[in-house]
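Student: sequence first, then the predicted structure, then my questions.
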There are 2 protein chains.
Amino acid sequence: MAITVVGSIAFDTVATPFGKRERMVGGAATHFALAASFFDEVRVVGPVGDDFDEAAFALLSTRETNTDDVERVAGGTSFFWAGEYGWDLNSRETLDTQLGVFETFQPKLSAASRQADVLFLANIQPSLQRDVLEQCEQPRFVALDSMNLWIDVARDDLVDVISRVDCLILNDAELRQLTGKPSLVAAAREALSWGPSSIVAKQGEYGAALLTAGGFFALPAYPLETVVDPTGAGDTFAGGFVGYLSHRLDQLDDEMTLRRAMAYGTALASFNVEEFGTDRVARVGAGELHERVAGLQQMTSLGPTREQEIQS
Amino acid sequence: MAITVVGSIAFDTVATPFGKRERMVGGAATHFALAASFFDEVRVVGPVGDDFDEAAFALLSTRETNTDDVERVAGGTSFFWAGEYGWDLNSRETLDTQLGVFETFQPKLSAASRQADVLFLANIQPSLQRDVLEQCEQPRFVALDSMNLWIDVARDDLVDVISRVDCLILNDAELRQLTGKPSLVAAAREALSWGPSSIVAKQGEYGAALLTAGGFFALPAYPLETVVDPTGAGDTFAGGFVGYLSHRLDQLDDEMTLRRAMAYGTALASFNVEEFGTDRVARVGAGELHERVAGLQQMTSLGPTREQEIQS
């Protein structure tokens, strides 16, 4: 039942109002794996350079994540990103991006990674996502993330690969941009018509919404007194969401299963943003994770249905 | 058990991607009254000019709202606002604001309005809100709305009047601005320390959050395929929220009562934005209102609490 994830493995330099950290291990595949490995075996596919040392591999292997398909490119340097967040952490500026070994990345999946039941295509070039999808044998659940860059420069490829996956996970503004529909409901309806059976619209500090043919669900972000570093929150969410589903592949038609998966994704994302980089998720325990999921349930409950509440 | 509301009664000219409407009856007190009158008798306090004709009064009197305290200023013109919304309706530009009779407004409440159990201080100058509050005899529940302008130019007055009310209803960005706290949780904690027992943070298309000493609750906006005109959504929400509570003044300590009130506010706000101005809320029926509240309950449910969902 392993989960294969393809995406960036990186070093991140991040400045927030709470400080600055240099060259932390990051990247979409890393954040995803740290979260999804709570639930199932994860196999990471992606390139790194000579600078990705043993300590970095050790972190990526948290909770026994398999790194056999991490490609070490001799003489190359790992993907590097540097960014700075504003005072309320809702805006950020990219200060530097160095693609490094990602520039010439051609995914080559091992037999074990090709046989995974579950596949997460993190945000990379849509043609590479399609390439990976075609290497996989018979995945039972495929989810995909993307970004505004690919909507701008490779929309046709992106729509094509979206049409082949089960679940599209995207920021809500990007979902609007992708579909040209101003309302979230209309945008999701359009994306569902391309093929996926579910759309997850990430809404940053406001949480996330789930849109399927039959329903709408929205879950707030877990409320925190202090957010230290939002980097990787979306991929951590995806890791919790996809990870939870990987043991429930025969219940994917049950919307409540998808909703519970969102709660696990949301809880894990809340741990992610409490400290820099992967620090907090790397050491989170099952007990505190369950506690946050139960907290989300309590914080969203409207109680039992009541009738005739208007008394005038 | 009447509800007194003090605030603007206006004419609004609104352009959205769905068209343009000239001089609709609007204003915070109007939108509030249209919603709150579902639940209880509402008494509106505010000034209008000679241009506020019989048809305008008829609309303001929907569901028997009492307009005895609407002050007709001879020779004056009513508050006028004109604005235009962007393609996704999340941004708007003010094209014109004419204060008219509002410029010299000094609230004078009749005995009946002073005796109301419930008071809503819509967004007006904080010193006028305090003046109204002092005229009221023994209100059992007072809620207050405000805006960035008063945070900029009259913060001390605003904090003073907030310290005397039970519930502060504010956009989340304004709550951050008011308290200087970047996180919603920290901002609400600060505002709660000034006196109110509950804070409602309005989050536009993302819904609203309720923060009390004991808890956090968040409710998404009711999902709509098309939003036609968001003007007045916040005041309609407040009308549903405060209106629902007006019959439950002995249950204000029960957080579930406040949550249910938010659901009624959210449902009414969703009707408000479906058509221009007050058109939709003026003719909404109890059946369809209950239906949306039940829908919100369904759309936010995570099901029963479960244990030990991590199987790895």
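Tutor: Good, I have the coordinates.

Student: and the one residue sitting closest to the centre of chain A, how close does it get to A:Arg248?
Tutor: Nearest to the mean C-alpha position of chain A, counting by Cα atoms, centre = their mean, stands A:Asp235 at 2.6 Å. Using Cβ to Cβ, to the nearest Å, we find A:Asp235 at a distance of 21 Å from A:Arg248. Where C-beta positions appear, they are placed from N, C-alpha and C, glycine not excepted.

Student: and if you look at A:Ala267?
Tutor: 17 Å.

Student: which of the two has more residues huddled nearby?
Tutor: Set A:Ala267 next to A:Arg248 and count neighbours by other Cβ atoms under 10 Å in any protein chain shown: A:Ala267 wins out with 26 against 17.

Student: state the helix or strand in which the residue lying closest to the more buried one once chain neighbours are set aside lies.
Tutor: Closest residue in space to A:Ala267, ignoring its immediate chain neighbours: A:Arg292 at 3.8 Å, by Cβ to Cβ, 6 or more residues apart in numbering or on different chains. Using DSSP states H and E, A:Arg292 sits within helix A:286-299.

Student: dump stretch A:118-136 to CSV, restricted to CA.
Tutor: In CSV, the C-alpha atoms belonging to stretch A:118-136 read as follows (Å, rounded to 0.1, in the frame of the first residue of the first chain):
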residue,chain,number,x,y,z
VAL,A,118,-1.2,5.8,-4.1
LEU,A,119,0.7,8.5,-5.9
PHE,A,120,1.1,12.2,-5.1
LEU,A,121,2.3,14.4,-7.9
ALA,A,122,3.7,17.5,-6.0
ASN,A,123,4.0,20.8,-7.8
ILE,A,124,6.4,20.2,-10.7
GLN,A,125,6.2,20.8,-14.5
PRO,A,126,2.9,19.2,-15.7
SER,A,127,4.7,17.2,-18.4
LEU,A,128,6.9,15.5,-15.8
GLN,A,129,3.8,14.8,-13.7
ARG,A,130,2.3,13.1,-16.7
ASP,A,131,5.5,11.2,-17.3
VAL,A,132,5.5,9.9,-13.7
LEU,A,133,1.8,8.9,-14.0
GLU,A,134,2.5,6.9,-17.1
GLN,A,135,5.3,5.0,-15.4
CYS,A,136,3.0,4.0,-12.6
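
Student: avg pLDDT for that stretch?
Tutor: Stretch A:118-136 shows an average pLDDT of 97 in the prediction.

Student: go through it and flag the buried ones.
Tutor: Going by neighbour count (16 or more other Cβ atoms under 10 Å in any protein chain shown), the buried part of stretch A:118-136 is A:118-126, A:128-133, A:135-136.

Student: next step: those restricted to helices.
Tutor: A:126, A:128-133, A:135 (DSSP state H).

Student: may I ask you to name the longest helix in chain A?
Tutor: helix A:255-272.

Student: that helix: which residues count as buried?
Tutor: For helix A:255-272, a neighbour-count test (16+ other Cβ under 10 Å) marks A:255, A:257-272 as buried.

Student: so how far is B:Gly303 from the residue nearest to the centre of chain A?
Tutor: Counting by Cβ to Cβ - A:Asp235 and B:Gly303 are separated by 26 Å.

Student: equivalent analysis for A:Leu170, please.
Tutor: For A:Leu170 relative to B:Gly303 (Cβ to Cβ), the value is 25 Å.

Student: neighbour count winner among these two?
Tutor: A:Leu170 (27 against 13).

Student: ok, the more buried one - contacts?
Tutor: The contact partners of A:Leu170, by Cβ atoms under 8 Å, 6 or more residues apart in numbering or on different chains, come to A:145-146, A:178, A:199-202.

Student: over to A:Ser146?
Tutor: By Cβ under 8 Å, 6+ apart, A:Ser146 lies in contact with A:123, A:126, A:129, A:158, A:162, A:170, A:174, A:178.

Student: make TSV out of those and add distance to B:Leu95.
Tutor: Formatted as TSV, the contacts of A:Ser146 follow (distance: Cβ to Cβ, whole Å):
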residue	distance to B:Leu95
A:Asn123	39
A:Pro126	41
A:Gln129	45
A:Leu158	38
A:Ile162	39
A:Leu170	34
A:Glu174	30
A:Leu178	31
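
Student: now intersect those residues with the strands, please.
Tutor: Within the contacts of A:Ser146, membership in strands is found for A:Leu170, as judged by DSSP state E.

Student: next one: the closest residue to A:Leu178 other than its chain neighbours from B:Val228, what distance?
Tutor: In this structure, A:Leu178 finds its nearest non-sequential neighbour in A:Ile151, 5.0 Å apart by Cβ to Cβ, 6+ apart. A:Ile151 sits 27 Å away from B:Val228, going by Cβ to Cβ.

Student: cool, and A:Gly239?
Tutor: 39 Å.

Student: those two: who's more crowded?
Tutor: A:Gly239 (34 against 22).

Student: I'd assumed A:Gly265 was in contact with that one.
Tutor: Yes. At 7.3 Å, A:Gly239 counts as touching A:Gly265 under the criterion of Cβ atoms under 8 Å.

Student: where does the stretch 1-150 of chain A get nearest to chain B, residue-wise?
Tutor: Closest residue of the stretch 1-150 of chain A to chain B, Cβ to the nearest Cβ: A:Asp88 (4.1 Å).

Student: tell me the contacts of the closest residue to that residue other than its chain neighbours?
Tutor: Nearest non-adjacent residue to A:Asp88, counting by Cβ to Cβ, 6+ apart: B:Pro182, 4.1 Å away. Residues near B:Pro182 by Cβ under 8 Å, 6+ apart: A:17, A:87-89, B:176.
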